[in-house]
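Enquirer: sequence and computational prediction follow.
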Amino acid sequence: MTQKPAVIVLALALGTLPVIALAQEEVYLQVTRAGVSQVVIAATPFALSGDGAGEAYASFWQTLAKDLSSTPVMTLLPEERAALVEVDPARPEVTRQRWRSVGAQFLLSGSFATSGSQVACDVRLTDLASGEVAFSRRFAATRKALPTLAHTVANELFHLFTGKSGPFLSRIAFVSDRTGAKELWIMRWDGSEQEQLTQHRSIASAPAWSPDGQWLVFTSFLRGQPQLFLLRPTEGYLKPLPGLPGVNSSPNFSPDGSKVVFAAGDGGFTNLYVLDLASGETVRLTTTRAIDTQPAFSPNGRQIVFTSTRAGSPQLYLMDAEGTNVRRLTFEDSFADEPSWAPDGVRIAYTTKVDNRFQIAVFDLRTGQRTVIPGPGNNESPCFSPDGTLLAFTSDRSGRKQIYITDAQGHAQPLTRDGNNLQPAWVGEIR
């Protein structure tokens with residue numbers, strides 16, 4: 001029977017609806033050609049109007065500037081270089097050349113107006129090589145939604161450069177014990193607006209998002225035996241899923257959201273199963289006298305990667321979604337666990353061991369090569385951002401387990417600090 005015990009409803013009213021983009025003339029440029037690793041954007045202060053516009057703009061710009069400098073795709077021109085440019089309004093082509101001489105490729109400008117509780121923001125991006133307008137759009141929002149407004153602008157610019165949606169409106173679900181029990185929490189991609197989702201005073205683990213961002217599936221000891229649950233974060237609606245005897249764990253959605261693949265075991269061995277959410281029917285995928293766990297559907301839904309001890313130590317295996325054509329992926333590692341697909345369906349991040357410490361590695365299915373992303377302490381539980389340019393993971397480098405994000409070069413920044421925080425799960429947007 002469906003129950004709704006002690007769940008905190010997530011307050012998203014300020015994060016989903018209030019930002020409206022009003023389309024104007026747009027020019028899309030292809031700038032991600034070979035040799036361009038990061039787009040450098042210069043910025044001039046926006047023209048301000050309205051009561052309190054200065055304070056509101058400062059808040060907006062602080063968030064936008066952080067976004068624009070947080071991915072491998074784009075970055076802001078350093079202030080010390082920008083200070084070298086003398087703007088000549090009468091000779092815009094000369095000014096563009098001056099910006100280019102200090103390393104800028106695009107110029108961001110605009111206007112920012114306030115009227116009561118409302119904000120209107122015009123954003124323009126100019127190609128400094130040609131002088132053409134690469135992007136021009138007007139955005140409207142409430143003052144309370146300034147962070148969402150900034151994240152939306154950053155997403156639009158990211159999309160301009162890559163053709164993909166950026167990570168700036170994305171959310172990360174995770175497990176935290178900061179209240180004394182392992183509960184589910186959620187935060188923005190940059191660690192802001194951390195909110196508690198459950199108050200079960202039990203043990204929650206392994207959250208995973210549905211593709212549409214409406215549901216979380218996770219394992220909980222709420223009723224004693226580890227069981228799978230569905231949670232709708234925007235409403236606090238909790239629903240138990242049909243389970244099997246023993247421990248039910250490591251759930252993950254199929255790309256179309258119709259199925260959940262999970263591990264279940266009773267008596268020492270664990271195998272993989274897939275649950276049809278509409279019918280409640282469960283189909284067994286593996287039959288081994290070992291531990292098969294941590295299954296994850298590929299982005300196209302045709303394959304499932306998982307961890308198995310069938311060869312002795314935990315290693316990564318790949319099989320067709322029906323449970324056939326099983327083959328081993330990892331051979332260099334003494335330990336391989338917690339696989340997570342990149343959105344491109346080519347890369348798999350996972351946890352390995354190097355010098356007796358957990359580290360993050362990325363396996364390339366095209367080449368069969370694995371790349372370790374080294375870091376201090378133990379680093380585990382990786383997951384890709386929805387655009388595939390960043391990784392979130394758990395690390396104990398500060399003493400306690402905290403969640404960090406890192407780019408492909410291994411540059412990391414912490415997102416959490418209170419209590420122990422682990423098992424991040426990343427989704428594009430919550431609906």
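Expert: Noted; the coordinates are in hand. Predicted model only: the values in this text are computed from it and were never measured. Residues are numbered from 1 along each chain as shown.
Enquirer: for residue 77, which non-adjacent residue is spatially closest?
Expert: Spatial nearest neighbour of residue 77, excluding adjacent residues (Cβ to Cβ, 6 or more residues apart in numbering): residue 42 at 4.3 Å. Quick note: C-beta positions are derived from backbone N, CA and C, even for glycine.
Enquirer: measure residue 314 to residue 87 for me?
Expert: Noted for residue 314: a distance of 59 Å to residue 87, by Cβ to Cβ, to the nearest Å.
Enquirer: okay, those two: which has more neighbours?
Expert: More crowded of residue 314 and residue 87, by other Cβ atoms under 10 Å: residue 314, with 24 against 11.
Enquirer: and that one, how far from residue 293?
Expert: Using Cβ to Cβ, residue 314 is found at 9 Å from residue 293.
Enquirer: try residue 174
Expert: Separation of residue 174 from residue 293 (Cβ to Cβ): 20 Å.
Enquirer: quick one, which of the two is more surrounded?
Expert: A direct count of neighbours by other Cβ under 10 Å for residue 174 and residue 293 places residue 174 higher, at 26 against 23.
Enquirer: in the sheet, who's paired with residue 350?
Expert: residue 361 (DSSP bridges).
Enquirer: and for it, the neighbour number?
Expert: Residue 350: 29 neighbours (other Cβ under 10 Å).
Enquirer: ditto for residue 168
Expert: With other Cβ under 10 Å as criterion, residue 168 counts 28.
Enquirer: three-state assignment of it?
Expert: coil (DSSP: H, G, I helix; E, B strand; the rest coil).
Enquirer: let me see the contact set for it.
Expert: Contact analysis of residue 168 by Cβ atoms under 8 Å, 6 or more residues apart in numbering lists 67, 150, 151, 152, 154, 155, 158, 189.
Enquirer: could you turn the buried ones of these into a ChimeraX selection?
Expert: Here is the ChimeraX command that selects the buried residues among the contacts of residue 168 (16 or more other Cβ atoms under 10 Å):
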select :67,150,151,152,154,155,158,189
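Enquirer: show me where pLDDT drops low in the stretch 1-150 of the chain?
Expert: Applying pLDDT under 70 to the stretch 1-150 of the chain flags residues 1-36.
Enquirer: show me the helices in the protein, by range?
Expert: Assigned by DSSP state H, the helices in the chain fall at 13-16, 53-68, 79-82, 92-101, 146-162.
Enquirer: which residues touch the closest residue to residue 319 other than its chain neighbours?
Expert: Nearest non-adjacent residue to residue 319, counting by Cβ to Cβ, 6+ apart: residue 326, 4.3 Å away. Listed by Cβ under 8 Å, 6+ apart, the contact set of residue 326 reads 286, 317, 318, 319.
Enquirer: let's have these in CSV, adding neighbour count and distance to residue 164.
Expert: Formatted as CSV, the contacts of residue 326 follow (neighbours: other Cβ atoms under 10 Å; distance: Cβ to Cβ, whole Å):
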residue, neighbour count, distance to residue 164
286, 21, 34
317, 21, 29
318, 18, 25
319, 20, 28
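Enquirer: and which of the residues you listed is nearest to residue 103?
Expert: residue 318 (43.2 Å; Cβ to Cβ).
Enquirer: the closest one reaches residue 304, doesn't it?
Expert: Yes - under the criterion of Cβ atoms under 8 Å, residue 318 makes contact with residue 304 at 7.4 Å.
Enquirer: what is the end-to-end distance of stretch 210-223?
Expert: 23 Å (Cα to Cα, to the nearest Å).
Enquirer: mind putting the contacts of residue 168 in JSON lines, distance to residue 57 included?
Expert: Shown next, in JSON lines, are the contacts of residue 168 (distance: Cβ to Cβ, whole Å):
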{"residue": "67", "distance to residue 57": "15"}
{"residue": "150", "distance to residue 57": "10"}
{"residue": "151", "distance to residue 57": "16"}
{"residue": "152", "distance to residue 57": "15"}
{"residue": "154", "distance to residue 57": "15"}
{"residue": "155", "distance to residue 57": "19"}
{"residue": "158", "distance to residue 57": "21"}
{"residue": "189", "distance to residue 57": "22"}
